[in-house]
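>>> Okay, predicted coordinates and the sequence, questions at the end:
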Amino acid sequence: MDDKRNALLTVGLICAVLFILGIADLCNSDRIYSETENRVLASRPTFSWESLLSGEYGDDYEEYMSDQFVGRDKWVGIKTRADILFQKKEINGVYLGADRYLIRVNDPEEYTEQMEDSRIASLKKLVNRWDAKVMLVPTADNILTDKLPAFAPHYDEMRLLAKVKESVGEEHYIDVYSALQEHAGEPIYYRTDHHLTMKGSYIAYCAIAKELGFEPLAESEFEKHSYSFYGTAYGQSGLWEIPADDLQTWIGSYDSDLSVTVIDGTVETEHRGSLDTDKLSDDVVDKYAAYLYSNHGITKIVNPNVESGTLFVLKDSYGNAIVPFLAAHYNTIIMLDTRTMYYSPTMPAPSELAKEYNAKDFVVIYGV
């Protein structure tokens with residue numbers, strides 16, 4: 001009899017908790033953006049019989065509930081602390097490394113030789129068509145190996161880069177891997193984000209300058225400012241007690257004269273200077289978006305202080321912090337982000353753009 005009563009009490013308690021949480025969820029206003037995770041949260045899906053029968057509505061609603069349940073940030077933090085207590089190396093897809101570095105996990109098993117060969121073949125086509133230089137930025141787990149937990153598995157990017165170099169040819173390959181390794185003891189990656197710091201981006205700029213045949217500006221020629229910053233690895237980890245990062249801006253004397261036009265489809269917006277200073281205010285979490293006004297399909301940079309020269313850049317977000325350095329050496333830079341979410345079919349093809357601006361130099365800047 002006692003066992004039956006205890007079972008009923010347990011069931012009743014669970015039902016009461018679920019009922020209270022359900023009421024709380026109904027009263028809770030949906031959030032659009034998570035400041036701690038630095039991402040847009042799922043919104044309530046629109047119901048239709050078609051989406052219900054296909055299973056799409058159920059999947060979308062599950063994602064919505066996962067993002068919007070009451071006290072989500074606190075529950076994520078509790079789960080993260082439990083993972084640390086049980087000495088897990090990987091926490092929500094992030095390694096908690098030495099000196100409080102949060103390093104994204106790159107699982108070797110996610111990549112196949114077929115995937116590698118397909119992407120290398122695409123790079124080779126670009127090189128053959130435009131005589132382009134290729135720079136692939138390694139991830140922190142391959143450079144800051146001393147920060148990784150003991151025996152933490154990670155993808156061997158040096159092996160992949162050797163294949164890239166052999167395929168595109170040494171004369172087209174920019175070895176930023178070795179350049180970054182030489183400075184591995186310096187703050188070249190953010191602690192809470194996967195991107196290079198401005199120091200790391202400066203090293204990448206120097207490597208590009210060497211291959212394109214011009215002298216890079218000295219580090220002392222830039223005016224530096226620092227801002228408190230939390231990156232995407234911080235938001236992903238749930239380790240809310242990790243201290244803020246130091247995001248810097250390096251401003252050259254030429255920067256205030258730059259005309260920066262961002263183009264998304266048929267919409268063009270012109271700015272002055274390479275930095276979106278609104279993104280550097282204290283209430284903005286993603287301050288990395290300040291570099292070249294974040295990601296856009298096409299970004300056109302004009303430096304009136306340089307008489308000639310056009311550089312064509314294919315890039316991902318790593319390029320946003322590197323390309324402003326290159327603006328000191330070219331009259332015009334056309335920067336193209338070909339990733340699906342930013343590139344619009346209404347825009348001209350890359351080959352048409354290159355011809356329109358009579359580009360002579362071509363660089364690919366992508367994360368490995």
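Happy to help now that I have it.

>>> quick one: low-confidence parts of the stretch 251-368 of the chain?
Along the stretch 251-368 of the chain, the parts satisfying pLDDT under 70 run over 340-345.

>>> Which parts of it are strands?
Ranges of strands in the stretch 251-368 of the chain, per DSSP state E, counting those that start in this stretch, are 259-264, 267-272, 298-302, 310-315, 332-336, 361-367.

>>> quick one: which of these is nearest Leu13?
Taking Cβ to Cβ, strand 361-367 is the member of the strands of the stretch 251-368 of the chain nearest to Leu13, at 48.7 Å. All C-beta spots, glycine's among them, are computed from the backbone N, C-alpha and C.

>>> For the residue nearest to Ala121 when sequence neighbours are not counted, give me phi and psi.
The shortest distance from Ala121 to any non-neighbouring residue, by Cβ to Cβ, 6 or more residues apart in numbering, is to Ser167 (7.8 Å). Main-chain torsions, Ser167, degrees, to the nearest 10: phi -70, psi -50.

>>> again, but for Glu90
Note on Glu90: its backbone torsions stand at phi -100, psi 130 [degrees, to the nearest 10].

>>> Now for the residue nearest to it when sequence neighbours are not counted, how many residues are close by?
Leaving aside its chain neighbours, Glu90 sits nearest to Val105 (5.5 Å; criterion: Cβ to Cβ, 6+ apart). As a burial measure, Val105 scores 20 neighbours (other Cβ atoms under 10 Å).

>>> Can you check the pLDDT for Val105?
Per-residue pLDDT puts Val105 at 87.

>>> quick one: contacts for it?
Applying Cβ atoms under 8 Å, 6 or more residues apart in numbering to Val105 gives the contacts Glu90, Gly93, Val94, Tyr95, Asp141, His154.

>>> So the spatially closest residue to Leu275 that is not a sequence neighbour versus Ser281, what's the distance?
Computed as Cβ to Cβ, 6+ apart, the closest residue to Leu275 that is not its neighbour in sequence is Ala290, at 5.3 Å. From Ala290 across to Ser281, the span is 10 Å (Cβ to Cβ, to the nearest Å).

>>> which one of these two has more residues nearby?
More crowded of Ala290 and Ser281, by other Cβ under 10 Å: Ala290, with 23 against 10.
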